[in-house]
Structures are given as C-alpha cells and as structure tokens.
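# This is a predicted model, with the sequence first.
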Amino acid sequence: MPSLDARGVASLLREYAQRTALRGGNPYRAKAYSRAADSLAALIVPLDVLIDEDRLTEIPGVGDAIADIITKLHKTGSHPSLEKLRKEIPAGVLEMLAVPGLRPEKVLRLYKDLGIGSLSELEAAAKDDRIKKAKGLGATLQTKILQNLAIAKSGEGRLHLHRAAALLAQAEDSIRKSRPELKRVTIAGDFRRGCELVGDLTIVAEAAKHKTSTPSANGLRIQVSDRKHFGAALLFATGSAAHIEQLQALAAEKGMRLDADGLHKGRTLIAGEEADIYQAFGLPFIDPELREGRGEIEAALKGKLPKLVTDQDLRGILHCHTDASDGTETLETMAKATRKRGFEYFGVADHSKSAHYAGGLSVEEIAQQHREADRLNKRFGKDFRILKGIESDILADGSLDYDDDVLERFDFVVASIHGRFKLDRKAQTQRLLRAISNPHTTIIGHMTGRQLQRRPGYEIDVEKVLRACAKHDVVVEINAHPWRLDLDWRWHQAALEFGCMMSINPDAHSIPELDHMHWGVQMARKGGVPADRVLNVMTLAEITRYLRQKRRSLARAA
C-alpha cells in the first residue's frame, strides 16, 4: 500500500491515543500520543522527508519511541500494537470520548455493561433511561450525557483558543523554516478574529506567483497569494462571511466589485491591500476581532468604532490563586512572576471557606495571608503591590461567604458562583442580584459559569444582572481562562451601554496561567471594549485610590 502522509498518520496516532486511554494504565502515555498527533497536524514539511532525514524527533512531543510508531504507521498504515488494541474495542466506542465529562473508564463501562457502541446508541440509551438504571452509572451521569451531547455536537471540530494558538504557531514556524521564499506569513481565519472556539485554521502567505491553497492535517489550510492580491486574500481568509457579504454589498452600492482578488472598478484593481480596501470604501481599518457583521461597518461609516483595549494597556492582574487554596505556587512566587511580566500589582483572590473542594481559606488563614502580603509589600516598595482579595463563593441564598467584619479586611472581593448550578432562571438571577447588592462585592466573577465544550452556563437573566452591576458599581469580569472566557463577548456591548466597568482576569492557578490575560484581551476586543472601560488598565496609584474610595463609601453606608 502507498505510504501515509502526515494527515493519515495523525489520524491513526489519535486513534492510538484514544484506545490507550480506554485500556487504562498510565494516562500520560495516551496524552503523549495525542500531543504528537497535534504536532503532526501542524506539520508543513512532508512527513517522508523528515523520516528520510531522521528528523522526526524535531517535531514537538515526538521522542524516539513515538518516532518509531510514526515511521511504522507511515510505511505500513498500521502498527502491531494498534491492531491488538483494535481487537479489544469497536471503533464506534471511540466516538463517545468526544462527549465532555465522559471519562474513558465510564465509556468502557457503558460499552461493557450496556453494550453501547456508538454516539447514536449512547444518545438513544440516555433518552430511554437505560443509563440511570445501571449500577455505577446512574441518573446524574445520564443527565450529564444528554446535556453534553449537545455541547459535543455544537463544538465539533473546534479548538480552544490556546490549543489553536499552539498549532498555528508551530505551523507558522514550520512554514518559515521550510519555505523561506514565502513572505508575510500571517494567521487568518477564526483565530485572527479572536473567536472563543476555532474551527478555521488558516495561514496566508505571500509568494512571487499567484494563489494556491494547500490543505494539511486537522483542517489546517495554507493559502498563498502574490503581493498584488495578498491583502484581499487575507481579508477573505479572515472573514467572517457576514462581514465580507456586507462589504461586497457596499462595493456594489458604490459601483465596485469586491472578491478574493481585490477591489475592482470595472476591470481595474483599485485596492489589493486590506487597509487600502477599507480606505477605498471611506472606512477606517476595522480590527479583525470586530468583523462579525454585527454593525461594525455602520459604526465605521459613522466614525464610531471603539479604540480597542490591548495587552499593553493592562497595568495589573486581579483574581489569582495561590497554594493557600488550590493554586500551585506561593503568594511570593506568584507576585514576583507578575512583577517580572511588567505589571504594577498582583490581586490575590484565593477561594473562600465554603469551597472545601478547593482548600478555601479560614479566617485565620486569611489573617496569615494578609500578614505575608504586608511583609512582601514592604520589600517590593512603591512600584509594585500585592492587593489583598478573596474569591468569595456566592451561597445559594445570594449571601457572601464571610461575615461583614471579615469582608471589610479585603482590598477587593470577587464574588462567584461555584455550586447549585441547577437553580431555575429566576432563583439563580436573584442569587446573583443579592450578591451584587452586597456593598463588599467589587467584581462578579465568571458570571454565567460556562466552561467551553464542557458545560453550558447556568440560566440567568444576563441583562438584569448587568443592569444591577452598573447600578451598584460592581465590575464585570471577563474571565480569561481559555475554558471559560466568561462573560461571553456577545454581551460586552450591552454591559458597556448600561455603564459597567470590566476587569480582564486570568483566574490563574499557576505561573503559566498568568499569561491567560492575553485571551481575556482577545475577548474584550471582540466585544468592542475600549481601554478606558477596563478596571485593570488603571495604574497602581489609580486602582489603590479607586478601591480606597469604595471602602470609604462602604464605611459611610455602615
């Protein structure tokens, strides 16, 4: 049989990973196969070239053992270990691993105990109440399966931002090294528009000759255009379809024609660069994040496009965890890492006492952390400061997790829901409204509680909650964790119109997660948020004054 290309080998390696996970044992082995498959998905150099030149271990995540497996899969289309695993489990069972929250051991139980062998059979069994009657499975799992089947279908083939970023960065690097004749190598598609989930993995590059389009594994597409048409190619590859259609309609109104070759008047190309195309329409450059066909062209025509917040605008970090609760690092280590990144303040916000699952802080542990913060702040001096915060659970009745005399010790309070997700819409909304009206609340954390491709948010009246935040001067969090990205960018304009301030928070539990801030900025930009409406754009002096004024207002109210 003919040898397999990178796409074919990546597919088999993913199957290898899934079957290894179902067998059990060392979970890191399956993850290693999966990471290697992702790396193959972004491969630009032909796989046979790397094999012939003995360069497979240059691929991220590929060591000697996996290199041997890749070579065997490439040359024969299979591997003895894979064939052995295939005899244990039918192919359809692997489909069930795509359901969020359905772990390999549960998938195996569903297959062995109930004979469920595919995604369609799983859905039928759940709807027929067969799963809730099975020992070791139960009603809770059945409900979760029915709920998460819809998530699996809606997110099919789409990647979280950080995973898409890693694949695209690797592909970009590979293109630059393997095809040095290509210039202006630029990431396009959903990722360039800052979408929370990415399904369109596209890179546009400039070459001497006109266009080609080359598909790679995992849906990655390399589009090559000459210099004259590069900008139009990038515009069309970025999208969205709705934005492009509206630009084409505007072109028609002006007696012009816009297509992937550029903007034409008759047979004459009048604009081929992206910025020039917008300028020819009498428009300013529209940032890619705004290109969703949601009124951005009308705003541009009226000169009302916002100046979007950037990474460089942010002066500090709020809502981070340490090893005092469920983080991995000490307060000192997290603060120093934040300072090293050029920020002026670090807002610690460990979990509160009711969050037993996350090591929530007792009153004595709070006092201990505050003493440590004071000690460190003396060492840091005037240019950097640890702000003393807490992520207080919002209890079922809407109250916060400590008495007032404890809450008033903090510089800021992030109030968040971490349980009782199944309250009805009215009760859940009232719960949030009570927390917002609490004068100690500074920020509402991850307002809807969603986890992308894992669980939907709980049901609330978002508009009512946002109006309450504006009324009580409570800041709305844009949680920057790539699994959350909550509040959804589609609500940002409403929040701004009601008068809300936003805060871009990493919800970091480790040093690498401090860099989640970038994804929060992407969401804010996509939501049209300007820098002057973001709390942590404030300097250390400004945010210290802002928080002090809030505490004074609280004292006066008391």
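Alright, I've got the coordinates. Residues are numbered from 1 along each chain as shown.

# measure residue 221 to residue 403 for me?
Distance from residue 221 to residue 403, counting by Cβ to Cβ, to the nearest Å: 57 Å. C-beta coordinates here come from the backbone N, C-alpha and C atoms, glycine included.

# and those two? which has more neighbours close in?
residue 221 (17 against 10; other Cβ atoms under 10 Å).

# What about the nearest residue in space to that one that is not next to it in sequence, how many residues nearby?
Among residues not flanking residue 221 along the chain, residue 202 sits closest, at 4.8 Å (Cβ to Cβ, 6 or more residues apart in numbering). Residues contacting residue 202 under the criterion other Cβ under 10 Å number 25.

# Just to check, residue 202 is in contact with residue 185?
No. The criterion here is Cβ atoms under 8 Å, and residue 202 misses it with residue 185 at 11.7 Å.

# Just give the closest residue to residue 184, not the sequence neighbours.
residue 206 (4.3 Å).

# meant to ask about residue 422, not that
residue 458 (7.4 Å).

# show me what contacts residue 22?
88-89, 93-94, 97, 104, 107-108 (Cβ atoms under 8 Å, 6 or more residues apart in numbering).

# List phi and psi for the residue nearest in space to the middle of the chain.
Centroid check for the chain by Cα atoms, centre = their mean gives residue 482 as the closest residue, at 2.5 Å. The phi/psi pair for residue 482 (degrees, to the nearest 10) reads phi -60, psi -10.

# can you check residue 277 too?
According to degrees, to the nearest 10, residue 277 has phi -60, psi -50.

# Need the pLDDT of the residue lying closest to it once chain neighbours are set aside.
For residue 277, ignoring the flanking residues on the chain, the nearest one in space by Cβ to Cβ, 6+ apart is residue 271 at 4.5 Å. pLDDT, residue 271: 89.

# partner residues bridging residue 271?
Beta bridges link residue 271 to residue 263, judged by DSSP bridges.

# Now tell me which helix or strand of the protein has the poorest mean pLDDT.
Here the helix or strand of the chain ranked lowest by mean pLDDT, DSSP states H and E is strand 212-215, holding a mean of 60.

# Report the two of the contacts of residue 22 separated the most.
By the measure Cβ to Cβ, these have their two most distant members at 88 and 97, which lie 14.7 Å apart.

# Which of these two has more residues huddled nearby?
Shown here are residue 88 and residue 97; by other Cβ under 10 Å, residue 97 has more neighbours (18 against 11).

# Enumerate every residue touching that one.
Residue 97 neighbours (Cβ under 8 Å, 6+ apart): 18, 21-22, 104, 107.

# next one: residue 254
Residues counted as contacts of residue 254 (Cβ under 8 Å, 6+ apart) are residue 281.

# roughly how far apart are it and residue 514?
Residue 254 is 47 Å from residue 514, by Cβ to Cβ.

# Confirm for me that residue 94 is in contact with residue 20.
No. Taking Cβ under 8 Å as the definition, residue 94 is not a contact partner of residue 20, at 11.2 Å.

# buried set for stretch 144-152?
144-145, 148-149, 151-152 (16 or more other Cβ atoms under 10 Å).

# which one of those is nearest residue 56?
residue 152 (32.3 Å).

# On the pLDDT front, check that closest one for me.
Per the predicted model, pLDDT is 73 at residue 152.

# Equivalent analysis for residue 174, please.
According to the prediction, residue 174 has pLDDT 84.

# Residue 43 is in contact with that one, correct?
Yes. Here residue 174 reaches residue 43: they are 6.4 Å apart, a contact under Cβ under 8 Å.

# between those two, who's got more neighbours?
Neighbours were counted for residue 174 and for residue 43 using other Cβ under 10 Å; residue 43 has more, 23 against 20.

# From residue 57, how far out is the nearest residue to the more buried one once chain neighbours are set aside?
Spatially, and ignoring its direct neighbours in sequence, residue 43 is nearest to residue 6 (4.5 Å; Cβ to Cβ, 6+ apart). Residue 6 sits 15 Å away from residue 57 when distances are taken as Cβ to Cβ.

# quick one, which of these two is more surrounded?
Comparing residue 6 with residue 57 by other Cβ under 10 Å, the one with more neighbours is residue 6, at 26 against 13.

# I figured the more buried one was touching residue 40, is that so?
Yes. Using Cβ under 8 Å, residue 6 is in contact with residue 40, at 4.9 Å.

# on that earlier part again, read off the pLDDT value for the residue nearest to residue 221.
For residue 202, the pLDDT comes out at 93.

# so what's it up against?
The neighbourhood of residue 202, defined by Cβ under 8 Å, 6+ apart, consists of 187-189, 220-223, 237.

# For the residues you listed, give me JSON lines that also has secondary structure.
Rendered in JSON lines, the data for these read as follows (DSSP: H, G, I helix; E, B strand; the rest coil):
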{"residue": "187", "secondary structure": "strand"}
{"residue": "188", "secondary structure": "coil"}
{"residue": "189", "secondary structure": "helix"}
{"residue": "220", "secondary structure": "coil"}
{"residue": "221", "secondary structure": "strand"}
{"residue": "222", "secondary structure": "strand"}
{"residue": "223", "secondary structure": "strand"}
{"residue": "237", "secondary structure": "helix"}
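
# These: which two are farthest apart?
220 and 237 (12.4 Å).

# that older thread, where neighbours are concerned, which of the contacts of residue 202 has the most?
Comparing these by number of neighbours (other Cβ under 10 Å), residue 189 comes first, having 25 neighbours.

# tell me the contacts of that one?
The neighbours of residue 189, taking Cβ under 8 Å, 6+ apart as the test, are 198, 200-202, 221, 237-239.

# redo that, cut-off 7 Å
Residues in contact with residue 189 (Cβ atoms under 7 Å, 6 or more residues apart in numbering) are 200-202, 237-238.

# and those residues as TSV, adding distance to residue 542?
Converted to TSV, the contacts of residue 189 look like this (distance: Cβ to Cβ, whole Å):
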residue	distance to residue 542
200	39
201	40
202	40
237	40
238	35
